[in-house]
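Asks: output the structure for:
(one chain, ligands or ions: 1)
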Amino acid sequence: MQLLANTTSPYVRIARVAMIEKGLDIEPTLVDPWADDPRLRAANAATRVPTLLLDDGTPLAESLLIVQWLELARPAPEWPSLTGRDAATAAGVLSRAGIALGAIDASVHTIITRKVTAPLLFDETPVGLRRRRTMVEGLQRLEALGAVLGSAKSGTASGTAPGTAPGSTAPPLDAICAVVLYDYQQLRYGDQPWLPKTPGLQALAEAMRQRPSFARTMPRAA
Ligand SMILES: N[C@@H](CCC(=O)N[C@@H](CS)C(=O)NCC(=O)O)C(=O)O
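Replies: Model (predicted):
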């Protein structure tokens, strides 16, 4: 198995955290998607990270499809469930994960568009401001959901008794995505005055760093 990855992508981090929580702690193969790395291009028509090559050579693109495969390849109860073991739990987890993913998409879109619009700053255009609003509102909504994310982080979705300390049990997908969003925002926009203070998310992110899955995948600018 080979994970084609880079050190900054929040999508890569979602896949890596999920893999490590499922016991698949493989060293990523670092590639630069923007340099059209031939290994990435061969495996993924979109030439994007993450791309996971399974042992039989099957390439899996898209972070959430990798998570979907992991749920089947390493199912509960042997492994932690990342999305929940019943439809009602999964609905809550996936709904909250969707808020974080919308903000992650807006965040990455802003960074990528800066590459092509410079020196015009995309951020101040109507679309750029819309993306910023998505980031701000996404963070604020997740912050307001703190208690619910708190129950997710204590392992409710994976069937673990609620009330355990943050970071002490495997987090479901909503907590993974919320923390990936928070840490990516700090890396990319930590100095921006518009970035809202989200002390609940900050505490969750700091607690999750106790886990190797989060500590070893902290985003680093290339
Ligand atoms: N929806 C994809 C997004 C992946 C993605 O956009 N990855 C970026 C890095 S953050 C990339 O490889 N970009 C290269 C490109 O767009 O050409 C996922 O969830 O995996």
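Asks: by mean pLDDT, flag the weakest helix or strand of the chain.
Replies: The weakest-scoring helix or strand in the chain, judged by mean pLDDT, DSSP states H and E, is helix 146-153 (a mean of 62).
Asks: angles on the backbone of residue 52, please.
Replies: phi -110, psi 120 (degrees, to the nearest 10).
Asks: got a list of what it touches?
Replies: Residue 52 is in contact with 1, 2, 3, 4, 15, 19, 59, 60, 66, 69, counting by Cβ atoms under 8 Å, 6 or more residues apart in numbering. (C-beta placed from N, C-alpha, C; glycine too.)
Asks: domain parsing for the protein?
Replies: Following automatic domain parsing, one finds the domains of the chain at 2-73, 87-215.
Asks: can you give me the end-to-end distance of the first one?
Replies: From its first residue to its last, domain 2-73 covers 16 Å (Cα to Cα, to the nearest Å).
Asks: just how off-centre is it within its chain?
Replies: 12 Å (Cα atoms, centre = their mean, to the nearest Å).
Asks: so for that domain, mean pLDDT?
Replies: Averaged across domain 2-73, the pLDDT comes to 97.
Asks: near the ligand at all, that domain?
Replies: Yes. Against the ligand, domain 2-73 shows contacts by Cβ under 6 Å from any ligand atom at 9, 11, 33, 47, 48, 49, 50, 62, 63, 64.
Asks: quick revisit: closest to residue 81 out of the domains of the chain?
Replies: domain 87-215 (4.6 Å; Cβ to Cβ).
Asks: now do the closest one: distance from first to last residue.
Replies: 30 Å.
Asks: same thing with stretch 32-45?
Replies: Termini of stretch 32-45 sit 15 Å apart (Cα to Cα).
Asks: repeat for stretch 31-43
Replies: Stretch 31-43 has an end-to-end distance of 12 Å (criterion: Cα to Cα).
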